[in-house]
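1. need a 3D model of the sequence below.
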Amino acid sequence: MAKKGITVGLNINNKSEDFNELMIELENLCSACDIDVVGSITQNAKQVNRAFYIGTGKVEEILNLIKKENIEIVIFYNELSTSQLKNLEEKLNCEIIDRTALILDIFAQRAKTREAKLQVEVASLKYMLPRLIGSNENLGRQSGGVGTKNRGSGEKKLELDRRRIEEKITSLNRELDDLKFQRETQRSMRRKSNLPNVALVGYTNAGKSSIMNKLVDIFKNSEEKKVFEKNMLFATLETSVRNIVLANNKEFLLSDTVGFVSNLPHDLVKAFRSTLEEACEADVLLHVIDISNPSYKSHIKVTEDTLKQIGADGIPMIHVYNKIDLIDVEVLDRILDSIDKEGIFVSVKKDINIDKMIKCICDSIFKDYVRCKFLIPYDKGHVVSYFNENTSIINTEYREDGAILDVECSNIEYNKYKKYALE
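-> Okay, the predicted model is just below:
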């Protein structure tokens, strides 16, 4: 059963222009964590209140709302210090978390692979470590009585806890390094296949997994499994790679990556860097945008900033504006006048412009393909089989000395078999 909660946000000196959008996003994050948000309290202030982060008047307002609505949890957009967290819990007698803790909780719930689980655990421990001191500041008194002896035992326990966490982080990072090596080996093998790599990137819940599943479904000969998709934030945490085989035998690899979100905690960006590196290996990035979301422009900026952060900003990109079925034609026309004319406007759900998207992908990744004719002797049946299975054969003629294949193939394939090419 969903917990009843309220969100709280502080806008210092009204500096955050997209403050309302960020609060809406916080509510969506809560929904992803099975929290039913029944209210939101915001404040504009000149500075942070050191004790409660927000002003004491707002704390009283929250307390009244907790009593009135039987609130079980309060979620702050801003990251709280341990002392602020402790003061708020004592004052409100309610579970208090901040946005970082909420995102960590969502990631922990969504993680399925061993690597994703380890990455989340490392990020969670790093989040916990600086808060250990505050949560144990009264440890000596809790141990029984006051005085140097007891205070010392509390400090020793704190030091032991801190050391255990640091050792655990080191151990987990070693295991992650091993998994990263395995991932890099897999990438290396894929690179040797010479298949173009297309990576799906974009804000969380934009429809990346839906696009992957649509392509897998259309080209059933790829015999690939679909990936998990659901209308919620961070449905996908790990990278999935599928081999897409087109009707003309051309192939490419399609990678689905973890979705981005504004102000993603630094430790999570760092933890999932190896997963996001799949985007750095791509020949083309398919930037999927939920055009029905009023905040789509800020989502685009977050994605582009994150790609720059991981070193993937120089890779050719195709903008795919998804979910056009959810907006009015008049609104769509206005959007068309203000954004990238080179983008593709699609609805995966309603099968709108999927063919245009596929053509755009192919035009981008197969631009180095050449059309030529090969004369293959009849005793070289394995070469004919290769062309039949791996290239697009436009026409075949038969002569006494062999078969003439009119073929569209990559430069690599042409160079491999150019001894059979007809000038």
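
2. list the contacts for the closest residue to N322 other than its chain neighbours?
-> Counting by Cβ to Cβ, 6 or more residues apart in numbering, N322 lies nearest to G207, which is 4.2 Å off, once chain neighbours are set aside. Bear in mind the C-beta positions are built from the backbone N, C-alpha and C, glycine included. G207 makes contact with 288, 290, 322-323, 348, according to Cβ atoms under 8 Å, 6 or more residues apart in numbering.

3. so which of these comes closest to S410?
-> V288 (26.4 Å; Cβ to Cβ).

4. that's a helix at that closest one, yeah?
-> No - V288 is assigned strand when assessed by DSSP: H, G, I helix; E, B strand; the rest coil, not a helix.

5. in what helix or strand does the residue lying closest to it once chain neighbours are set aside lie?
-> Leaving out its chain neighbours, the residue that sits closest to V288 by Cβ to Cβ, 6+ apart is G202, at 3.9 Å. Using DSSP states H and E, G202 sits in strand 197-202.

6. avg pLDDT for the following helix or strand past that strand?
-> Elements were assigned by DSSP H and E; along the chain past strand 197-202, the next helix or strand is helix 208-218. In this model, helix 208-218 has a mean pLDDT of 91.

7. just the strands in the chain please.
-> 3-12, 35-45, 73-76, 95-98, 197-202, 240-245, 251-256, 284-290, 317-322, 344-345, 370-376, 392-399, 402-409 (DSSP state E).

8. by contact count, what packs against the longest helix seen in the chain?
-> If you go by DSSP state H, the chain has its longest helix at helix 148-192. If contacts are counted by 3 or more Cβ pairs under 8 Å, 6 or more residues apart in numbering; DSSP states H and E, helix 148-192 sits against helix 114-128, helix 131-135, helix 139-142, helix 273-280.

9. so for the shortest one, mean pLDDT?
-> The predicted model gives helix 139-142 an average pLDDT of 38.

10. closest to G381 out of the contacts of G207?
-> V348 (41.5 Å).

11. now that closest one: closest residue in space that isn't a chain neighbour?
-> The nearest residue in space to V348 (Cβ to Cβ, 6+ apart) is S210, at 4.5 Å.

12. tally of neighbours for the one you found?
-> 24 (other Cβ atoms under 10 Å).

13. how much space between it and A116?
-> Note on S210: its distance to A116, by Cβ to Cβ, to the nearest Å, is 20 Å.

14. over to E413?
-> Distance from E413 to A116, by Cβ to Cβ: 37 Å.

15. looking at those two, which is more packed in?
-> Neighbour tally, E413 and A116, criterion other Cβ under 10 Å: the higher count belongs to A116, 22 against 19.

16. S210 and S347 touch, don't they?
-> No - taking contacts as Cβ atoms under 8 Å, S210 lies outside contact range of S347: 9.9 Å.

17. show me whatever sits in contact with both of the two.
-> What both S210 and S347 touch, as defined by Cβ under 8 Å, 6+ apart, is the set N322.

18. ok, the nearest residue to A199 once chain neighbours are set aside - contacts?
-> Nearest non-adjacent residue to A199, counting by Cβ to Cβ, 6+ apart: A282, 3.6 Å away. By Cβ under 8 Å, 6+ apart, A282 lies in contact with 197-199, 255, 312, 315.

19. ditto for S124
-> S124 is in contact with 104, 108, counting by Cβ under 8 Å, 6+ apart.

20. do you know the pLDDT at it?
-> At S124, pLDDT is 90.

21. scan the contacts of A282 and report the most crowded one.
-> Neighbour max across those (other Cβ under 10 Å) = A199, 27 neighbours.

22. where among the helices and strands packed on helix 148-192 is the average confidence lowest?
-> Among the helices and strands packed on helix 148-192, helix 139-142 scores lowest, with a mean of 38.

23. one step back: contact partners for the residue nearest to V288?
-> G202 sits in contact with 208, 259-260, 287-289, 299, 303, where contact means Cβ under 8 Å, 6+ apart.

24. run the last query once more with 7 Å
-> 208, 259-260, 287-289, 303 (Cβ atoms under 7 Å, 6 or more residues apart in numbering).
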